[in-house]
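Q: Predicted model follows, preceded by the sequence.
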Amino acid sequence: MAEDRKNEGLAVSMSIADNLILSHPQPFEKNGLLFPGPKFAAVKEWIDKMAIKCQGPAQKVADLSGGNQQKIAIARLLHHKVEILLLDEPTRGIDLGSKSQIYRLIDQLAQEGKAILIVSSYLPELMGICDRIAVMCRGVLLPPRPIAEVTENSIMVQATTGAGAT
């Protein structure tokens, strides 16, 4: 999931339905024709699962709040049954209620055995939802450490000096 959902992560001028199936429309195609009934049914299921506040699958993504746009970006990954999620700044620019929903979803997905990599510059977020943290400094990825072994200060020292690199 891209950090800049409006320019890289979503096609905001398109519908919710089109965004969800954009990278994998085959289940809804036959002989080159796209069948909207099954597509909308599948999308409606994701709208319900993700508690996306919208008028329906045909609504343009641009008309939704940032939090609902972010949920659509995550729903697309889940619709395609990914096992590893890379979430880049998953809660940037969204309201507190949507942040809470996304945090719960991340926890649920981890409990289901999905691997989740989160890139975030917001340290309280990382400290609250991660099991391990690895810091990158000047293009070098330092070894991951259990959350119990790090503090916000130690993360900042590693991020600015590379201390801890081997």
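A: Nice, I can see it.

Q: So in terms of bridging, what pairs with Ala115?
A: Assessed by DSSP bridges, Ala115 has beta-bridge partners Ile84.

Q: separation between it and Glu83?
A: Applying C-beta to C-beta, to the nearest Å, the value for Ala115 to Glu83 is 7 Å. Every residue, glycine included, has its C-beta placed from N, CA and C.

Q: cool, and Lys39?
A: Distance, Lys39 to Glu83, by C-beta to C-beta: 23 Å.

Q: Neighbour count: the two, which is higher?
A: When Lys39 and Glu83 are compared on other C-beta atoms under 10 Å, the one with more neighbours turns out to be Lys39, at 20 against 9.

Q: Would you verify that the more buried one is located in a helix?
A: Yes: counting by DSSP: H, G, I helix; E, B strand; the rest coil, Lys39 is part of a helix.

Q: pLDDT value on it, please?
A: With respect to pLDDT, Lys39 scores 70.

Q: where do the helices sit along this structure?
A: Using DSSP state H, the helices of the chain run over 16-21, 36-49, 66-79, 96-111, 123-129, 152-161.

Q: what comes up buried for stretch 121-137?
A: Leu123, Glu125, Leu126, Ile129, Cys130, Ile133, Val135, Cys137 (16 or more other C-beta atoms under 10 Å).

Q: who's in contact with it?
A: Outside stretch 121-137, the residues within contact range by C-beta atoms under 8 Å, 6 or more residues apart in numbering are 89, 91-92, 103, 106-107, 110, 118, 120, 141-147, 150, 152, 155-156, 158-162, 164-165.

Q: and it, how far out from the chain's middle?
A: Offset of stretch 121-137 from its chain centre (C-alpha atoms, centre = their mean, to the nearest Å): 15 Å.

Q: and what of stretch 109-119?
A: 10 Å.

Q: Just the C-alpha atoms of it, please, in CSV.
A: Taking Å, rounded to 0.1, in the frame of the first residue of the first chain, the C-alpha atoms of stretch 109-119 are listed here in CSV:
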residue,chain,number,x,y,z
LEU,A,109,-4.5,-9.9,10.2
ALA,A,110,-1.4,-10.6,12.3
GLN,A,111,-3.4,-13.0,14.4
GLU,A,112,-4.5,-14.8,11.2
GLY,A,113,-0.9,-15.4,10.4
LYS,A,114,-0.4,-12.7,7.7
ALA,A,115,3.0,-11.0,7.7
ILE,A,116,2.7,-7.2,8.0
LEU,A,117,5.6,-4.8,7.3
ILE,A,118,4.8,-1.2,8.4
VAL,A,119,6.8,1.8,7.3
